[in-house]
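Participant: All I have is the shape, not the residue letters:
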């Protein structure tokens, strides 16, 4: 036994200590399964053994779940639903053997127990959990597009009732020890070092070796099936809300609910088989692959700075300078102070700088009123933000972020002033979202230390930072910027300098496509619903109103002035924007009127006048076509960015599109979407769309050639 | 093919479907059995001539479970030879029972049937019989399940009917009902319900609000906006109907059918039965049909089944003197009238379920009886009865006097 230590004490209590070699946390592997089975058989058959304790040798953790690497290999090779449904067989057999072998089993959960770890514990007759806030339990599977396939959807509702179990299974929310005890998921709490002793105490008392669900006449607490009193809430409204939340693009939550609904109406072993079948349907589909690859594996790598240039000493930002206390600067100041940095928030006027700090005050007051922080923490955080107008205060800054108005002149001015005040090693990051970095760098004496750090709004909620490499930006500046991003607990992607960089460029295609549709006679409600049904967070017309049509026009004018007029314009969107802002006087939400009407005190609604100025066609497209257009046009732009070298790591394209611009996560991101459709089908589909709606859909020769070779963007997952 | 004739019909008054409703103390089996007894007694009927009892019942569970039709026949002292069958086509069940009876008669397989329905909504809550439709998560996704009230609001949104439109319809329903009661148009078919001591507990419909006005109805709270928004049903409705911007909720307790208790029975038979029983036929069932339509909006079936039925019968709208369409929700009737271009003067001339209530399984039989009485009173000939039913269904029947 490589993964398990087996000891028996003089009282006849077997102690099974899980300890996977070479890992900081235990995970479920085929080897561990085999070793556990062998140990359980020994407990079952050795008359001298009265009962057994399952625990872990890893400090702070019991078992973190299934081995993801194993699943990645399955994705690479393709797995059918029937094959995937068989994966849970070993765990099924192991846990049923534990439950029914006649000897009592206690789980001494010394630390975090997630997914498969929790399922292993649920298979025991007794559970004691470490009384340590970090010893959380939960079922994170739903976030990976799968379901707890080791009995979680069956044992948890049988233990605590469907109404309490469903929210945990459907959200993946992690539960702290106190709540776990209150919910009845564990039987007792003890100090981490005492969990084994507590389990032994139970075994030496009057332990039961039968699970409640194996007792004749067992009923699920609170009832199961359509006649249960909670059925209208749990299933009728429950499944409907899932349809709303997922827009039917991710079926994992539905599969979880069905496994619970169907499985709790039949004996446990039938329920476990149903669970396995639903698991099979999910693992064999593309969404689980997409979510695991992008949101777990690749995001994990990005957060760990996997591609950080080596040989550059780690930067710790103790003092941060921020130029500009507007919306972005204020937000950056908040997250930096929250991360423990001293922040110098500089603006041209003291009252503007103070106003920027007020943003933090407001956010903190809100979390204080919700009991999420304390007065002391608030005071400490606010004391770290220094509003100022004096460049001399920037002395000693370890990093500098410029977040002033998007105007080259103003930016150049503050850049020169700051350059004179900061240390000669400090990296200068510009938070521009549109202006090329290489040009902005010219105002800075050390162009190799000038870089783009594109934050998203609202900064405290948006998890992405898009790092932009200017032509002269050094690898050292990149490494330091990555360190800074990590300190802010944000996720970085790295892109090359080009107009719109990556995220804005891709997002622009989405917004413009909405306006193109409007001009083609697609009903505005269908445009907005189509975007939402693709799982974009909001529709393009909403976005335009929020951004303001005037600003969009300003960006266009700037591009034209720079000698880089955007392709397909002004027909694509600018004609419409000019009509809206000019003749119709509708400039967006801030102006009180845009594509929507904003009645005082009432809900906004689409401006009925749109029908007159952009008459809807008699024949409206199917909503599936609208969804496809939004997903394709953005994916196509991402592929162009990849072709042009604006982005070099396909994972960055995926992560950036999901975390930065709300491209739906079920797709795995823009480039994963192409692989989800299949690159050859994608290219064919784009050609079809180009013939119908315009040349912007035409795939490039490069992409067509790639499709011919059927060459994916991502490497095989198990090798990446 | 033999003609299926209608010889008689009775209905109970409709009691408020709440614990303080007059019929709440009456068991559903009693409601059904009292109508069957009335059919026997009013017609001096030898029940050995009856081949079947067919009752619609939409919540056939608990007290209404286990084939309430057969058990009601036993309780009503029908001959032991009379079997019974309960059927469920949701809200159209009571009419479907008549149609099934007519079909068996037309096919020459039976001579006489008592058809009708029963639902005590105060005792057997709607949808309390479970079912995959609104409980199985896979089915909820597949069907884009909507509660009927949200579906009614969706229908109003699709048709562009406003709160004022539906309230105005409701006011007229109340007015017509009040007038019909005042002038005694319902009198000959109403069966007062009695308790175990033989005392009358209800002799008139309990639900109507005779004085309702647009203003008084406007004060009522929306009934389905909260569930539509919080239960995700509005969002799913937009998934099904993505050209809509939002669901405009317009229905209240005042412009939707009332939740009530009640039962009805209709005596249907061939000519030979009439001779043997010494009864004169009042009308014949000329044709009938049922249909399915889009299940999420659910309530668009009546116009479609009317078209289907008229086509099958070789008739047109102008051949029908009076229409009865169940007032499940005001938007259903408004949608029906505008889809088929039928003037309100010929539709639900004595009001309907918005005023009197909709005892699910019984309503179809009640509507048929009510319109037959009205044809006789007005000396008209032909009527079409239709009801929308859950999951997009609808049933319709054409009767003509003989």
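Facilitator: Yes, it's here. Here the structure is a predicted model, which is why all the values come from computation and not from measurement. Numbering: from 1, shown residues only, chains lettered A, B, ... in the order given.

Participant: So what's the residue count around residue B:77?
Facilitator: Under the neighbour criterion other C-beta atoms under 10 Å in any protein chain shown, residue B:77 is assigned a count of 12. Backbone N, C-alpha and C define where each C-beta goes, glycine included.

Participant: again with residue A:306
Facilitator: 11.

Participant: Got phi/psi on it?
Facilitator: phi -60, psi -30 (degrees, to the nearest 10).

Participant: before we move on, what about residue A:30?
Facilitator: phi -60, psi -40.

Participant: again with residue A:400
Facilitator: Torsion angles at residue A:400 (phi, psi; degrees, to the nearest 10) stand at phi -130, psi 130.

Participant: One more: the one 10 residues further on?
Facilitator: Main-chain torsions, residue A:410, degrees, to the nearest 10: phi -60, psi -40.

Participant: For it, give its distance to chain B.
Facilitator: Using C-beta to the nearest C-beta, to the nearest Å, residue A:410 is found at 40 Å from chain B.

Participant: State the distance from that residue to residue A:323.
Facilitator: 10 Å (C-beta to C-beta, to the nearest Å).

Participant: can you check residue A:162 too?
Facilitator: According to C-beta to C-beta, residue A:162 and residue A:323 sit 55 Å apart.

Participant: can you check residue A:232 too?
Facilitator: For residue A:232 relative to residue A:323 (C-beta to C-beta), the value is 56 Å.

Participant: Looking at those two now, which is surrounded by more residues?
Facilitator: residue A:323 (26 against 18).

Participant: Report the contact partners of residue 290.
Facilitator: Because you didn't say which chain, this covers chain A. Contact analysis of residue A:290 by C-beta atoms under 8 Å, 6 or more residues apart in numbering or on different chains lists A:145, A:665, A:666, A:667, A:668, A:669, A:672, A:676.

Participant: hmm, I had chain B in mind actually
Facilitator: B:89, B:92, B:96, B:99, B:305, B:393, B:394, B:395, B:396.

Participant: So it belongs to a helix, correct?
Facilitator: No - when classified by DSSP: H, G, I helix; E, B strand; the rest coil, residue B:290 is found to be strand rather than part of a helix.

Participant: Give me the nearest residue to residue 60, chain neighbours excluded.
Facilitator: All of this refers to chain A. Of all residues not flanking residue A:60 in the chain, residue A:111 sits nearest, at 4.1 Å (C-beta to C-beta, 6 or more residues apart in numbering or on different chains).

Participant: nope, chain B
Facilitator: Using C-beta to C-beta, 6+ apart, the closest residue to residue B:60 is residue B:86 (5.5 Å).

Participant: any idea how far that neighbour is from residue B:58?
Facilitator: For residue B:86 relative to residue B:58 (C-beta to C-beta), the value is 10 Å.

Participant: With residue B:197 instead?
Facilitator: 30 Å.

Participant: can you check residue A:372 too?
Facilitator: Separation of residue A:372 from residue B:58 (C-beta to C-beta) stands at 49 Å.

Participant: Between the two, tell me which one has more neighbours.
Facilitator: Using other C-beta under 10 Å, the more surrounded residue of residue A:372 and residue B:58 is residue B:58, with 29 against 10.

Participant: Can you show me the helices along the stretch 301-450 of chain A?
Facilitator: A:327-338, A:350-369, A:375-383, A:408-421, A:437-441 (DSSP state H, counting those that start in this stretch).

Participant: Please read the previous query as pertaining to chain B.
Facilitator: Applying DSSP state H to chain B gives helices spanning B:28-42, B:68-75, B:93-106, B:137-143, B:148-159, B:163-182, B:214-218, B:225-230, B:233-240, B:271-277, B:301-313, B:330-340, B:353-356, B:360-378.

Participant: most tightly surrounded among the ones you listed?
Facilitator: Comparing these by mean neighbour count (mean count of other C-beta atoms under 10 Å in any protein chain shown), helix B:353-356 comes out on top with a mean of 30.

Participant: contacting residues around the residue of the stretch 1-150 of chain A found nearest chain B?
Facilitator: Closest approach between the stretch 1-150 of chain A and chain B, counting by C-beta to the nearest C-beta: residue A:147, at 12.6 Å. Neighbouring residues of residue A:147 by C-beta under 8 Å, 6+ apart: A:141, A:153, A:169, A:252, A:255, A:256, A:259, A:275, A:278, A:279, A:282.

Participant: Please read off the pLDDT at it from the model.
Facilitator: For residue A:147, the model assigns a pLDDT of 97.

Participant: Mutual contacts of residue A:410 and residue A:323, please.
Facilitator: With contacts defined as C-beta under 8 Å, 6+ apart, the residues adjacent to both residue A:410 and residue A:323 are residue A:404.

Participant: what does the domain assignment say about chain A?
Facilitator: The record's domain parsing of chain A by automatic domain parsing lists A:4-284, A:319-501, A:504-645+A:649-708.

Participant: got the end-to-end distance for the second one?
Facilitator: Looking back up the chat, that one is domain A:319-501. 28 Å (C-alpha to C-alpha, to the nearest Å).
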